[in-house]
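K.L.:
Kindly generate the corresponding structure for this input.
(2 chains)
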Amino acid sequence: MSSEWPLWEVFIRGQHGLNHRHVGSLHAPDAEMAINNARDVYTRRNEGVSIWVVRSSDITASSPSDKGPLFEPSNSKVYRHPTFFDIPDEVGHM
Amino acid sequence: MYAQMVKTDAARVKSLDDMAPEERAFQERIDAGQKIEPKEWMPEGYRKTLVRQISQHAHSEIVGQLPEGNWITRAPTLERKAILLAKVQDEAGHGLYLYCAAETLGISRDEMYEQLHSGKAKYSSIFNYPTLSWADIGAIGWLVDGAAIMNQVPLQRCSYGPYARAMVRICKEESFHQRQGFDILAKMVKGTPAQRAMVQDALDRWWWPSLMMFGPSDDASIHSAQSMVWKIKQNSNDELRQKFVDQTVPQAEYLGLTVPDPDLKWNEKKGGYDFGEPDWKEFFEVIAGNGLCNAERLGARRKAWDDGAWFRDGLTVHAEKASARRAAKTAAAE
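P.N.:
Sure thing, here's the model as predicted:
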């Protein structure tokens, strides 16, 4: 047999209060072993307080070639940024 | 270096005007300092060169555990043993970060292992030398990891995102490796004359192989030129070797050691040391598989892979059974 173990993406919460962040990937036969391996591979120096693992094959990613059309709607709406509006100095902080 | 003499398939370096629109857009992004990410378009030569370089780098980390692993059971104190274990575990981690980076380019982990075990893929020449005394463990940390840092620091700025990010993690940990090695030697040179002699002997044997890690002069190499245009490589081999010598010689003097090079001399004009040429005939022999420990190292890797097959298979079967049990339970509950 000897089929390759599936690939897992590893996410680590560095400290309490922060989001989990993608740190890399690894191979493991199941989720439990993926967590154990992630502990050894990615947190040898106190890098985390929590680990998520997700099978790489379960991730759906946006395609790099769609980057233009996908993100264009936000480019054209500059009024979404507060700096778009001029507030007179005498109004003070807003 | 950890990756030595990586080929690029390039016959010559193309100018922007010679490139097709897609390739030109790619090169312009690199010139602008942008990172290239896994699923984006890239020239086939760029992809192949990176696979060669990253996998060779990963293999070096993995094979590099063997000469040091030799001394885990022989470390002089429990503390030194714990430190060496942590260092060797880091090397395994570095190999894993790098294999993952290479996998984003479309090669599988098993293919890379197969290339290592068959001898098709190379690893750094340095790991084909034996570790004869405890001082060798100090010399490896100080010189070999020191030389690795020289190469790896600029690689953090490599154009390929996953490789650059793996290098950031690795560089954070390498400093510990170099210092623990220097610390071993600093302790030994304060010991008995026999211990000092062991340290000098280790330097005598590791100095030239360490200089060879940077590879032969590549100023005229088309592959290096292409790798530099792609920002996979940032400095020439001679530049990095010079930097390494300039940094290391004063440290050897601090330890009271003699660098085994009769041509070594401070050159005030260039602000660096002049030094002798490594024995490149020896280097090419080691690369060709005829070094002192090539057969032993590859044999150990193959044996570990073959002896671990039942365990990898067992875990796979366990995972399949557990998953089937969970599915049956869910079905029964519905």
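K.L.:
can you tell me which residues contact B:Met19?
P.N.:
Residues in contact with B:Met19 (CB atoms under 8 Å, 6 or more residues apart in numbering or on different chains) are B:Gln27. The way it works is simple: take the backbone N, C-alpha and C, and place the C-beta from them, glycine included.
K.L.:
And it, how far from B:Phe26?
P.N.:
Taking CB to CB, to the nearest Å as the measure, B:Met19 falls 8 Å from B:Phe26.
K.L.:
show me what contacts the nearest residue to B:Cys293 once chain neighbours are set aside?
P.N.:
Leaving aside its chain neighbours, B:Cys293 sits nearest to B:Asn128 (4.7 Å; criterion: CB to CB, 6 or more residues apart in numbering or on different chains). Going by CB under 8 Å, 6+ apart, B:Asn128 touches B:286, B:291-294, B:297.
K.L.:
where exactly do the helices run in chain B?
P.N.:
In chain B, the segments counted as helices under DSSP state H are B:21-31, B:44-63, B:65-69, B:78-103, B:109-117, B:134-139, B:145-155, B:161-188, B:193-212, B:222-229, B:237-254, B:280-285, B:294-307, B:309-333.
K.L.:
where does the chain dip in pLDDT?
P.N.:
Looking at chain A here, since you left the chain open. Scanning chain A for pLDDT under 70 picks out A:1-2.
K.L.:
I was thinking of chain B, sorry if that wasn't clear
P.N.:
Low-confidence segments of chain B (pLDDT under 70): B:1.
K.L.:
interface residues of it facing chain A?
P.N.:
Contact residues (CB under 8 Å from any CB of the partner chain) of chain B with chain A: B:37, B:39-41, B:86, B:89-90, B:93, B:96-97, B:100, B:103, B:108-110, B:165-166, B:169, B:173, B:309, B:312-313, B:315-316, B:318-319, B:322-323.
K.L.:
what's the burial count for A:Gly24?
P.N.:
For A:Gly24, the neighbour count with other CB atoms under 10 Å in any protein chain shown is 20.
K.L.:
longest helix in chain A, by residue count?
P.N.:
Max-length helix for chain A by DSSP H is helix A:31-42.
K.L.:
angle of the helix or strand that that one is followed by against helix A:31-42?
P.N.:
Next helix or strand after helix A:31-42 toward the C-terminus (DSSP states H and E): strand A:50-55. Using axes from the mean of the first three to the mean of the last three CA atoms, to 10 degrees, one finds that strand A:50-55 and helix A:31-42 are set 120 degrees apart in direction.
K.L.:
Could you list every helix and strand in contact with strand A:50-55?
P.N.:
strand A:7-13, helix A:31-42 (3 or more CB pairs under 8 Å, 6 or more residues apart in numbering or on different chains; DSSP states H and E).
K.L.:
One more pass at 10 Å, please.
P.N.:
Secondary-structure packing of strand A:50-55 (3 or more CB pairs under 10 Å, 6 or more residues apart in numbering or on different chains; DSSP states H and E): strand A:7-13, strand A:20-27, helix A:31-42.
K.L.:
quick one: buried residues of that strand?
P.N.:
Going by neighbour count (16 or more other CB atoms under 10 Å in any protein chain shown), the buried part of strand A:50-55 is A:51-53.
K.L.:
for those residues, which one is nearest chain B?
P.N.:
Relative to chain B, the closest of the buried residues of strand A:50-55 is A:Val53; by CB to the nearest CB it sits at 13.2 Å.
K.L.:
Just give me the neighbour total for B:Ala135.
P.N.:
Residues near B:Ala135, counting by other CB under 10 Å: 25.
K.L.:
Same check on B:Thr330?
P.N.:
As a burial measure, B:Thr330 scores 9 neighbours (other CB under 10 Å).
K.L.:
re the thing from before, now the common contact residues for B:Met19 and B:Phe26.
P.N.:
Common neighbours of B:Met19 and B:Phe26, using CB atoms under 10 Å, 6 or more residues apart in numbering or on different chains, are B:Pro43.
K.L.:
Verify the stated contact: B:Glu111 with B:Leu105.
P.N.:
No: the criterion here is CB atoms under 10 Å, and B:Glu111 misses it with B:Leu105 at 11.3 Å.
K.L.:
And these two? Which one has more around it.
P.N.:
Set side by side, B:Glu111 and B:Leu105 show more neighbours around B:Leu105, with 19 against 16, by other CB under 10 Å.
K.L.:
wait, doesn't that one sit right on B:Tyr46?
P.N.:
Yes: between B:Leu105 and B:Tyr46 a contact is recorded at 9.3 Å, counting by CB under 10 Å.
K.L.:
Residues that sit against both of these two, list them.
P.N.:
Common neighbours of B:Leu105 and B:Tyr46 (CB under 10 Å, 6+ apart) are B:Tyr160.
K.L.:
any idea how far B:Met213 lies from B:Arg302?
P.N.:
According to CB to CB, B:Met213 stands 24 Å off from B:Arg302.
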